[in-house]
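K.L.:
For reference, the sequence and a predicted model appear below.
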Amino acid sequence: MTSDAHDFSQGAAFVEGRYVPAREARVSLLDWGFSRSDVTYDVVHVRHGGFFRLEDHLDRFERSLAGFRLAPPYSRAEIAAILDRCVALTGLRDAYVAMICTRGRPRVFGSRRPADCDNLFSAYAIPWIDVIPLDVQARGAHLHIASVTRIPAASIDPTMKNYHWGDLTRGLFEAHDAGADTAVLLDTDGFVTEGPGFNVFMVRGGEVLTPDRGALEGITRRSVLELCAMTGLPARIAPLRREDLMQADEMFCTTTAGGVMPISRVDGHIMSNDAPGPVSLRLKELYWQKHAEGWHRTEVNYAAAETVTVSPAA
Ligand code: PLP
């Protein structure tokens, strides 16, 4: 399979078996991924020319696929090769790399049976994204505790990565209306869950805490918990309520698209003299230091970009 002779420098996508510049990538309006949010995905980042925790992202993608009963027509090895090639085509050393499987279109016109659909696998690599801009990270993000609650986990399992973002988007509007940078949502029982694209952490009395429910099991969250264990910093996954956040000494959020991002305000509560706290900064520094040391790194095979062959599985 060959790639089109295009400019991939601003992103490369793989759609319906072809590599195209990301801005030209299209999927059908009739794909249930679009009309029903019937889709799962995962995002891995490339830093300084290497994937970070690629196998963990592929593991999670496979779990999400199984949970949604989606089956892309490519093997795990082929998916890894497609991701690699997307990055290689761009030449980007720092990239946001997404893998997506939509339900696709029914083979039988008008069918309402999900099993009648041909699942579609797409992927893309685009320049690095920070979900919280760097200048906001530098002063510490201002977090709004949204009044809209997270979709119940019994309805949409948040550990299966999904695009059911109606609640998170409402939270973002609320946050911006309130003059905050972003939001965190509680569940219907009042427990802290997560925000639009990130997990949350708080630090209290030297202990690092992150919610035990209602959230994606973030790979960055796992990395932070591992870094805490490596450095002897007490850390715990625990039920957290609004009142806990109001007593936090520090807070930060974590995501593939940005890493460890400090928070300096949550609603009316100002932390660490209105600046990123020392534990948050230490973990952020460690996170990037470990990247530089090659922690969980898979080299991008830039040279082999044109030789990778990809074919649908039988
Ligand atoms: N929670 C949600 C809803 C997300 O969309 C994401 C990442 O996109 C995260 C948490 C963080 O997960 P990870 O650290 O694996 O990127």
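P.N.:
Right, received. Where do you want to start?

K.L.:
Now do the SS call for Leu216.
P.N.:
With DSSP: H, G, I helix; E, B strand; the rest coil as the basis, the three-state label of Leu216 is coil.

K.L.:
surely it meets Pro158?
P.N.:
Yes. Using CB atoms under 8 Å, Leu216 and Pro158 qualify as a contacting pair, with a distance of 5.5 Å. To be clear about C-beta, it is placed using only N, CA and C from the backbone, and glycine gets the same treatment.

K.L.:
what do the two both touch?
P.N.:
Here Leu216 and Pro158 share the contacting residues Glu194, scored by CB atoms under 8 Å, 6 or more residues apart in numbering.

K.L.:
Now the stretch 1-150 of the chain against the ligand: closest residue?
P.N.:
Of the residues in the stretch 1-150 of the chain, the one nearest the ligand is Val43, at a distance of 5.5 Å by CB to the nearest ligand atom.

K.L.:
who does the nearest residue in space to Gly277 that is not next to it in sequence bridge with?
P.N.:
Beyond its immediate neighbours in the sequence, the residue positioned closest to Gly277 (CB to CB, 6 or more residues apart in numbering) is Glu250, lying 3.0 Å away. Using DSSP bridges, the bridge partners assigned to Glu250 are Val203.

K.L.:
got a list of what Glu250 touches?
P.N.:
Met202, Val203, Pro262, Ile263, Met271, Ser272, Pro276, Gly277, Pro278, Val279, Ser280.

K.L.:
Show the pLDDT at it.
P.N.:
pLDDT, the model's per-residue confidence, is 98 for Glu250.

K.L.:
what about it, distance to Leu283?
P.N.:
10 Å (CB to CB, to the nearest Å).

K.L.:
where in this protein is pLDDT low?
P.N.:
Segments of the chain classed as low confidence (criterion: pLDDT under 70) are 1-5, 304-314.

K.L.:
all strands in the stretch 101-250 of the chain, in order from the N-terminus.
P.N.:
117-127, 141-145, 182-184, 194-195, 198-204, 207-211, 235-238, 250-255 (DSSP state E, counting those that start in this stretch).

K.L.:
can you list these in a markdown table and add distance to Tyr287?
P.N.:
Supplementary listing: the strands of the stretch 101-250 of the chain in a markdown table, determined by distance: least, CB to CB, whole Å:
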| stretch | distance to Tyr287 |
| --- | --- |
| strand 117-127 | 20 |
| strand 141-145 | 16 |
| strand 182-184 | 19 |
| strand 194-195 | 18 |
| strand 198-204 | 12 |
| strand 207-211 | 13 |
| strand 235-238 | 14 |
| strand 250-255 | 9 |
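
K.L.:
okay, these in CSV with distance to the ligand next?
P.N.:
Below are these laid out as CSV (distance: least, CB to the nearest ligand atom, whole Å):
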stretch, distance to the ligand
strand 117-127, 14
strand 141-145, 14
strand 182-184, 11
strand 194-195, 4
strand 198-204, 5
strand 207-211, 11
strand 235-238, 14
strand 250-255, 4
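
K.L.:
Stretch 111-123: end-to-end distance?
P.N.:
Here the two ends of stretch 111-123 are set 27 Å apart, with distance taken as CA to CA, to the nearest Å.

K.L.:
circling back: so which of the contacts of Glu250 wins on neighbours?
P.N.:
With neighbours set by other CB atoms under 10 Å, the maximum within these is found at Ile263, which has 31 neighbours.

K.L.:
Distance from stretch 219-235 to the middle of the chain?
P.N.:
Relative to the mean C-alpha coordinate of its chain, stretch 219-235 is positioned 18 Å out (CA atoms, centre = their mean, to the nearest Å).

K.L.:
Over to stretch 36-45?
P.N.:
9 Å.

K.L.:
Please enumerate residues in contact with that stretch?
P.N.:
For stretch 36-45, the external contacting residues (CB under 8 Å, 6+ apart) are 32-33, 51-54, 57-58, 60-61, 64-65, 67-68, 70, 83, 94-103, 114, 128, 160-164, 219, 256-257.

K.L.:
Helices - which of those residues land there?
P.N.:
Residues of these located in helices (DSSP state H): 32-33, 54, 57-58, 60-61, 64-65, 67-68, 83, 219.

K.L.:
Any part of stretch 171-181 near the ligand?
P.N.:
No. Contact between stretch 171-181 and the ligand, assessed by CB under 6 Å from any ligand atom, is absent, since the two come no nearer than 10.8 Å.

K.L.:
Now do the buried residues in that stretch.
P.N.:
Gly171, Leu172, Glu174, Ala175, Ala180, Asp181 (16 or more other CB atoms under 10 Å).
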